[in-house]
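Colleague: Sequence and predicted structure are below.
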Amino acid sequence: MSQEQVMAFDYGTKYIGVAVGNRVTQTSRGLSVLFVQKNVWKDLDVLVQDWEPGGFVVGLPLNMDGSKNPMTGRAKKFCEQLKEKYQIPVFEVDERLSTWEAKENILTTEGFRKMHGEKVQKHSAEILLDQWFQEKNKE
């Protein structure tokens, strides 16, 4: 397990976007998309084994006023499951507007035809990880 490696998740009910990053260089990249309907934990086991992260970052979906919504509870449950299963620290980050930003970036750079759910989820996870790096720098 590498303390420098971090894996981020944009949790959704259909897809979970995954990104990886390095705490030292503070670089990140979208990695893959997990399909929730399939055996998501088996796929996640492979990613964790391959990347050996020292921490997880999970986006918490909140309403624009900062209040919780039904997805907030689901994402928090996912955080607890990650902690239990892998015994790796889990950090939460506010994900308000990350999906919007991901869509905007894809639309600007690649056009509307490339803006499908899987690509958005993966890019959103990368944005969450970049945001977490920025927040850590302020501490």
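Modeller: Here it is on my side, so go on.
Colleague: list the helices and strands the helix or strand harbouring Arg29 packs on?
Modeller: Secondary structure from DSSP states H and E places Arg29 in strand 27-35. Here strand 27-35 touches strand 15-22, helix 40-51, helix 117-138, going by 3 or more C-beta pairs under 8 Å, 6 or more residues apart in numbering; DSSP states H and E. (C-beta placed from N, C-alpha, C; glycine too.)
Colleague: any idea of the angle that strand forms with strand 15-22?
Modeller: Relative orientation of strand 27-35 versus strand 15-22 (axes from the mean of the first three to the mean of the last three C-alpha atoms, to 10 degrees): 160 degrees.
Colleague: Tell me which strands strand 27-35 pairs with, and in which orientation.
Modeller: strand 15-22 (antiparallel) (DSSP bridges).
Colleague: Give the rounded mean pLDDT of stretch 71-89.
Modeller: The pLDDT scores in stretch 71-89 average 93.
Colleague: That one: which residues count as buried?
Modeller: 71-72, 75-76, 78-79, 82, 86, 88 (16 or more other C-beta atoms under 10 Å).
Colleague: closest to Asp65 among those residues?
Modeller: Using C-beta to C-beta, Thr72 comes nearest to Asp65 of the buried residues of stretch 71-89, at 12.6 Å.
Colleague: give the contact list for that closest one.
Modeller: 60-62 (C-beta atoms under 8 Å, 6 or more residues apart in numbering).
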